[in-house]
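Participant: got a sequence here, can you build the structure:
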Amino acid sequence: MRVLAGRIAMVAALLVLVGGSSLAASRPEQGKAIAQRWCAACHQVSAEQTTASADAPSFMTIAQMRATPSALVALEGFLADPHPVMPEMSLTRQEIRDLVAYIGSLK
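Facilitator: I've put the predicted structure just below:
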């Protein structure tokens, strides 16, 4: 099952890459607002946040793990097809780019 999920994430990342995704066109400040709305219930999304789930990695940890541009593109693919534990967010491609840009700004 994990192999299939990994392959799906890779295909999604490639589709995003082929679709012309550009971190330069993203807006980290918008991404922070999206993170505070959708992600802060589980993840620590900023240094100012005081509570988060111990089971969910902080955005700062994710930023360190995803320190390269290609890894950030893969993260876009992952967010386009989130794992079952995540809520159904129905983010647009632009919102995903903004969220990933915000995460990237934390490294």
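
Participant: so Ser105 touches Pro28, yeah?
Facilitator: Yes: in this structure, Ser105 is within contact of Pro28 by CB atoms under 8 Å, at 4.5 Å. For glycine as for every other residue, the C-beta is placed from the backbone atoms N, C-alpha and C.

Participant: which residue of these two possesses the greater neighbour count?
Facilitator: Pro28 (19 against 15; other CB atoms under 10 Å).

Participant: next structured bit after the lowest-mean-pLDDT helix or strand in the chain?
Facilitator: Every helix and strand in the chain was compared by mean pLDDT, DSSP states H and E; the lowest is helix 2-18, with a mean of 43. Downstream of helix 2-18, the first helix or strand assigned by DSSP states H and E is helix 28-38.

Participant: what's downstream of that following helix, the next helix or strand?
Facilitator: helix 59-65.

Participant: buried stuff in that following helix?
Facilitator: Phe59, Ile62, Ala63 (16 or more other CB atoms under 10 Å).
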